[in-house]
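# Here is my input, please return the structure:
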Amino acid sequence: MPNVSIFLCLLALLIGAPSAWALDSKVALSDYHHNIWTGKDGAPGEIAAMAQTSDGWLWIGSSNGLYRFDGVRFRRFEALEGEALPRRPITALTALRNGDLLIGYIYGGVSVLSQGHLRHAPAMLGKVLVGPVTSTVRDQDGVLWAATNNGLLQLKNGVWENVGKALGLPPGRASNLILDQYEQLWVAAGEQLLVLPRGAARFRVVLSGYSTVNLSASPDGRLWLDTHEQLVPVPPQHAGPDRPRAGWQAQAEGQENGLFDRDGNYWTLACPGVCRSDGIGLGPSAVQRPTARPDSQLDQAWQVSSLTGNVLFEDRDGNIWVGTQAGVERFRNNRLTPARLNGGERMFSFARDADGQVLAWARPTGELWQLRADAPARVLERHPAGLFGVLANAADGALLLAGAEYIERRQAGKVERIAYPPAPDGQAGAVRITRVLDDGRDLWITIGGRGTFRRHEGKWQTQSELGLPPGIFFVAAGERSANAAGGAAPVWFGYNDGEVLRFEDGRITRYAAQGAHEIGAITYLHGGKDVIAAGNAGLAVLHGGQFHRLTAADPDVLARVSGMVVTSDGDRWFNGSKGVVQVRAADWQAVLADPRQPLRYVLYGVLDGYPDFAATAIRLPSAIADGAGQLWFAGVSGIARLDSTRQVPLPHAPQAQIETLVARGKRYLDFSQPVVLPAGTTSLRFEYTALSYTMPEGVRFRYRLEGVEEEWQEPGPRRAVSYTKLGPGDYRFRVAAVNQFGQWSEREAVVALRILPTFTQTPLFYALCALAAAGLLYLLYRLWLRQATMRIATRMAERERIARALHDSFLQSVHGLTLSFQSALRSLPPDSAGRQKIERVLLMADKVMEEGRDEVLDLRSGAMGDGDLARSLALIGEVLQESHRSVFSLRSVGQPRALEEQAACESYAIGREAMMNAFRHAEAATVQVELHYQPDQFCLQVLDDGKGIAPELVQQGRAGHWGLTGLFERGARIGAQVRVEPRAGGGTRVLLTVPAACAYAGQARWKRWLPRWLRR
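Here you go, the predicted structure:
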């Protein structure tokens, strides 16, 4: 068999076959991973045909139509819009090299599925409906052939023609139409097998007298005719060298009765059930009878879905599929093979015998088993049944068998019996031994209820004498130190609280993983070069004097590890809570260099034949390797073997596929162009998958909707995702897949889509809304402005009325009274008391009049309501002139222009304050106001010829008076400059200069924010 394996590897390399091997013929059919899908799983019934196209899809033809299967879900094929499959039972499927799929029907001809699109050949042969199609072929010239009950048909110019008679075929039914690797066309008709070489005019007979049930090629390219009772080699009909069977031939179509897998084993149906005959395709070209004595068989109704299967098929990864009346079955390799024991075993302890074979002592049965890869497990000894008893190897390889009464040390045919420590208080009875360990110098044991003991120089020592705390859960021997006395290795102890102790020559070192590095109760210790501690919560390595917990993509795979084997290539194989975890040597060294990085691994779990969960209850090592590289692992349901010497090629990487997009109740299937979704779409659903048929349950996905998600989402095995609250725009949905071996899909599946906006989601709608809002705000502003103007106008009119009343009536009357009093006063003697009293009254009257004029000025200050600055200032000047000796004048220079509202108000306030100061404090003969309307600026100046103003008052102002300060502040508010300065001939000038951009109405507002030197 090793030579055969080498030959097949070279053969696969030569013909470019897929990397996966066929199913291991050393394994019985019952030990393969066998899946059965029936109607309750969504599988179709009455399956007649199977094929796998080059894009990876597995197609199934049944009486209920065409289905495709991704390894997890069966889906009836959905045609694109405007296309449909005929509603007829399917009898033939053929996958072509270019990726197309030919579909034959029980009645009605053939359809071609190409890149998702369907084309239908005519259903009629002249005026007769085309009968059941058994095989279809499209040759190298593009000609479509169909073997039917009507005979051999050929599609010419869109019309079926029966060409059998013209090409030398006997009349009647044609079947088993195939195109071989030499481009020769084979067909079975009647009891003849015929071939049509490429370019030949007629078929020639190759075999006669056989009723052909099946026609298939073995891996080396030989053709075989199956009559169900016997397998007949077909004489070769080609010139030149032999060519092996091409990969596309194996996946082109299923076989009705028998199938050669890629290792040359022949699978047959209805034998009864499923049978396998090993190596026929590698043997001589002689008549074979595979159903007579198959090498392995499933022939019980409970083993298969149907004892009469319809079609056999081998996919590109070497898995074998069976289509039956009840559903679909698949056989694939299990990485682990169970050891067949008698049953009733619950716990095991392992050791190796002198030949390197693995021994397993089972509890409670008490049977000592020898485990071999090349033979069934067999019982070597039977010991008393019970829950206690341990099997182990000493440091020198001797076998240690610790039973109920003593320990046996067996080596080279010699047996030494070692007595247990005496029981306290003279207690008698069976010893409940749970652990035995030889560190190279001393013997360590643990006895239930009594604790741990060390046998040193022929005497037993208790753990208290050794200074060890009670409650030891696991013991392991370490690697010997170069300076260790007597060559003894250190011993490692694990406890339920996660603490680990190192004991060497009486010295104890404690280790306790804390915080993020805590691993829980110790389940396993390895004390070699790399010290490893495993617990209920994870796995840790000793690095830099402390234990560091390792991380992994799935943390549970490193939990509850109870055994480990290191193979000769440096790979580590852990027996953990989810199965066997393989860590390659390079990945292990990488994590030792940096324990913070995630550990890369491959998991072989229950889907690979692992017996449920790792055995941890008895705290004994649950993994061991024999001398031939076979690894044995104990689980709660038995023992499984893994062949570490067999390099199983990786399967094809999973191919990510997006199946459907559902939005607003419509299903989209064609993603060759960007999908345009209707306006108003806010939610959608993607259904995706990955084509991986070896272990599709282990495939994990990641996806991302660009335009919504910044990071990849990892949903695990889930194969659908929904999105809501989406807005209009362009999106890209991307999905990728990875299998349990870390193989990522070679390319992502991508769907580009666009959601159209509704009118209310368009920029035009937003612009119109903004325009409407602006218009509404403007109308509200105009309404407020109108009402405010009306209120101000009413208030100003009332203020002017009151001012006129005070000025024209009240003050004039008071003034008349004062004049009358003054006239009467002149008639009184200067020194009379009455005259002095009247003078005081007149002084009070002058004060009242002055206050009255101030009130009139305040009322007149609202005169800017009409916007006429010159008129408003003139009114102020006239009032002030009446109560002072100064003469007032006002003149305008240039063409008067309307001032901006704020500039006009502030200019008026500045001018009024300057005029009041001039009249009241300057003692001037004249007060002049000038308004200069210049193109680049507006100027207002107030001139008087009085006594002037001290410079320090201009700089600092007068205490308690804020008139000058207010001038400068008002000017700054409108971007103007105010200057107060003495005149050359005496008096004071107050000058207000406002840039045109800030002064005049109708100027661009943005100019007001420019520096003064840029406003001109």
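# what residues are up against the residue lying closest to residue 680 once chain neighbours are set aside?
Distance criterion Cβ to Cβ, 6 or more residues apart in numbering; nearest residue to residue 680, sequence neighbours excluded, is residue 758 at 5.2 Å. Where you see a C-beta, it was placed from the backbone N, CA and C, and this is true even at glycine. Residue 758 sits next to 679, 680, 728 when contact means Cβ atoms under 8 Å, 6 or more residues apart in numbering.
# what about the first one, distance to residue 756?
As for residue 679, its distance to residue 756 is 4 Å (criterion: Cβ to Cβ, to the nearest Å).
# From the structure, what's the count of residues near the residue nearest to residue 899 when sequence neighbours are not counted?
Closest residue to residue 899 in three dimensions, ignoring its sequence neighbours and counting by Cβ to Cβ, 6+ apart: residue 999, at 5.8 Å. When counting by other Cβ atoms under 10 Å, one arrives at 29 neighbours for residue 999.
# before we move on, what about residue 347?
For residue 347, the neighbour count with other Cβ under 10 Å is 20.
# thought it was touching residue 360?
No. Contact between residue 347 and residue 360 fails when scored by Cβ atoms under 8 Å: they sit 10.2 Å apart.
# what's the overlap in contacts for the two?
Counting by Cβ under 8 Å, 6+ apart, the common neighbours of residue 347 and residue 360 are residue 634.
# so how far is residue 737 from the residue most central in space within the chain?
By Cα atoms, centre = their mean, the chain has its centre lying nearest to residue 713, at 2.0 Å. Distance of residue 713 to residue 737, given as Cβ to Cβ: 13 Å.
# joint contacts of the two?
residue 702.
# And the strands in the stretch 451-600 of the chain?
Counting by DSSP state E, counting those that start in this stretch, the stretch 451-600 of the chain has strands at residues 451-456, 459-462, 472-477, 491-495, 499-504, 507-512, 522-527, 531-535, 539-543, 546-549, 563-566, 572-576, 579-583.
# in which helix or strand would I find residue 892?
Taking DSSP states H and E as the criterion, residue 892 maps to strand 887-893.
# Next, the buried residues of the helix or strand just after that strand.
Remark: after strand 887-893, the chain's next helix or strand is helix 901-921, criterion DSSP H and E. Neighbour-count burial for helix 901-921, counted by 16 or more other Cβ atoms under 10 Å, picks out 903-908, 910-919.
# Check those and tell me the two furthest apart.
The widest separation within these, taken as Cβ to Cβ, falls between 903 and 919 and amounts to 24.5 Å.
# Residue 25 contacts residue 294, correct?
No. The criterion here is Cβ under 8 Å, and residue 25 misses it with residue 294 at 11.6 Å.
# list residues touching both of the two?
Taking Cβ under 8 Å, 6+ apart as the criterion, residue 25 and residue 294 both touch residue 276.
# and those two? which has more neighbours close in?
Per other Cβ under 10 Å, whichever of residue 25 and residue 294 has more neighbours is residue 294, with 21 against 18.
# doesn't residue 275 make contact with that one?
Yes. Between residue 294 and residue 275 there is a contact under Cβ under 8 Å: 3.6 Å.
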